[in-house]
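> Please find the sequence and the predicted model below.
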Amino acid sequence: MKRPVIVLTGGGTAGHVSVNEAIIPAFLKRGYEIHYIGSHEGIERDLIGKGHPEVVYHAIDSGKLRRYFSMKNFTDPFRVGAGVLQAYAILRKLKPDIIFSKGGFVSVPVVLAAKLARIPVVAHESDVSPGLANKLALPFVKHIFTVFEETLAYVPADKSSCIGAIIRPELMDGDRKTGLRMAGLQEGKPVLIAMGGSQGSAVLNSAIRGSLTDLLERFQLIHLCGKGNLDESLDRTAGYVQFEYVTEGLPHLLAASDFALSRAGSNAIFELLAVRIPMLLVPLSAEKSRGDQILNARHFKKLGFALVLEEEEISEASLTESLRQLEEATPGMVRTMERTDATKTPGEMADLILSCRLNS
């Protein structure tokens with residue numbers, strides 16, 4: 001008997017891949033053959049193509065959706081067109097029951113090809129305001145799930161619903177002692193974990209390392225600084241450990257952490273919320289983004305889950321002062337977090353996706 005087939009897509013950043021990674025085991029458990037359509041060089045190729053041998057990875061051409069002038073804006077439409085044709089050929093061969101799109105520029109040709117092939121698409125939006133890829137995909141998807149209730153104001157009411165964040169179950173299985181051992185840190189002094197996103201953050205890295213002496217007086221520090229951003233001169237600094245990024249060991253490092261300093265990507269901040277870690281958020285500025293992280297951070301601050309330090313205001317002094325305020329706010333912040341359960345398990349997400357297939 002032929003196994004049912006599902007195609008996943010999404011890429012460009014880890015945030016556009018992490019939900020797909022979370023639901024892969026749920027669909028394998030349900031007997032699905034899983035295929036992933038991503039780009040040739042994006043982070044999804046490493047995370048899925050190399051990290052999940054049980055998934056068949058297909059690379060297609062894809063342009064980048066830019067909000068600024070670039071000569072590539074004149075050539076990338078042709079790459080998107082090529083990607084549509086490539087994705088269409090893949091879909092015609094696989095004949096999947098349904099496609100799940102997490103967004104990012106590589107998803108656009110896949111969604112367009114799915115419309116041509118008459119295959120239903122379910123999309124997912126993690127941020128308060130929809131990303132450009134999902135905006136372009138909206139006319140062609142059967143349903144879009146959102147993390148934030150506020151996002152429903154931006155999408156058609158007849159094919160959208162808010163389901164909260166998708167949290168990997170293993171995230172809750174972290175062990176503090178294992179995390180401290182991984183990081184080479186000790187019990188008895190608070191641990192701050194700093195996360196700049198999958199690509200790292202030059203702004204955060206610079207502020208952290210510039211105020212490292214002051215920070216280490218109050219914290220031990222786990223610094224996830226992004227690929228290619230290690231500073232070898234700090235390797236033997238007591239109480240400080242740096243990683244480019246961490247995947248399998250992340251639950252243990254989070255379990256070892258008392259506070260978090262983070263960018264405000266939706267997946268990251270909901271994971272911090274799920275494990276009840278008080279957070280200081282430094283959202284990516286509007287000059288460098290569409291402003292989605294600013295909205296995410298302000299929403300979490302309004303709900304009492306985080307404090308916010310705007311990127312334009314970050315300095316060694318403002319960083320240390322904001323972390324001092326975070327320490328003071330921690331008891332109330334944790335109590336607020338403990339009253340919240342705005343999450344879905346990967347299994348629940350898989351069932352929601354399949355319900356859209358059954359209703360198609």
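Yep, it's here.

> So residue 307: helix, strand or coil?
strand (DSSP: H, G, I helix; E, B strand; the rest coil).

> show me the contacts for it.
The contact partners of residue 307, taken as Cβ atoms under 8 Å, 6 or more residues apart in numbering, are 279-281, 301, 322, 325-326, 329. The C-beta positions use only the backbone N, C-alpha and C, and glycine is treated the same way.

> Now a PyMOL select for only the buried ones of these.
Buried residues within those, by 16 or more other Cβ atoms under 10 Å, are selected in PyMOL with:
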select buried, resi 279+280+281+322+326+329
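
> Pipe the contacts of residue 307 into JSON lines and attach secondary structure, pLDDT and distance to residue 156 per row.
Output for these, formatted as JSON lines (DSSP: H, G, I helix; E, B strand; the rest coil; pLDDT from 0 to 100; distance: Cβ to Cβ, whole Å):
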{"residue": "279", "secondary structure": "strand", "pLDDT": "98", "distance to residue 156": "32"}
{"residue": "280", "secondary structure": "strand", "pLDDT": "98", "distance to residue 156": "36"}
{"residue": "281", "secondary structure": "strand", "pLDDT": "97", "distance to residue 156": "30"}
{"residue": "301", "secondary structure": "helix", "pLDDT": "96", "distance to residue 156": "29"}
{"residue": "322", "secondary structure": "helix", "pLDDT": "97", "distance to residue 156": "39"}
{"residue": "325", "secondary structure": "helix", "pLDDT": "97", "distance to residue 156": "41"}
{"residue": "326", "secondary structure": "helix", "pLDDT": "98", "distance to residue 156": "39"}
{"residue": "329", "secondary structure": "helix", "pLDDT": "97", "distance to residue 156": "38"}
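
> domains in the chain, as residue ranges please.
5-164+343-358, 170-338 (automatic domain parsing).

> quick one: the helices in the stretch 51-200 of the chain?
Taking DSSP state H, counting those that start in this stretch to define them, one finds helices in the stretch 51-200 of the chain at 72-94, 107-117, 132-137, 176-183.

> what's the last one packed up against?
Where contact means 3 or more Cβ pairs under 8 Å, 6 or more residues apart in numbering; DSSP states H and E, helix 176-183 is packed against helix 250-255.

> about what we covered before: of the helices of the stretch 51-200 of the chain, which is nearest residue 190?
Evaluated with Cβ to Cβ, the helices of the stretch 51-200 of the chain place helix 176-183 nearest to residue 190, the distance being 11.9 Å.

> How far does the closest one sit from its chain's centre?
24 Å (Cα atoms, centre = their mean, to the nearest Å).

> got the contact list for it?
186-187, 191, 220, 222, 241, 249, 252-257.

> circling back: and the contacts of residue 307, which is closest to residue 140?
Out of the contacts of residue 307, the member with the shortest distance to residue 140 (by Cβ to Cβ) is residue 281, at 33.1 Å.

> burial measure for the spatially closest residue to residue 224 that is not a sequence neighbour, as a count.
Spatial nearest neighbour of residue 224, excluding adjacent residues (Cβ to Cβ, 6 or more residues apart in numbering): residue 195 at 4.7 Å. Residue 195 has 29 neighbours, counted by other Cβ atoms under 10 Å.
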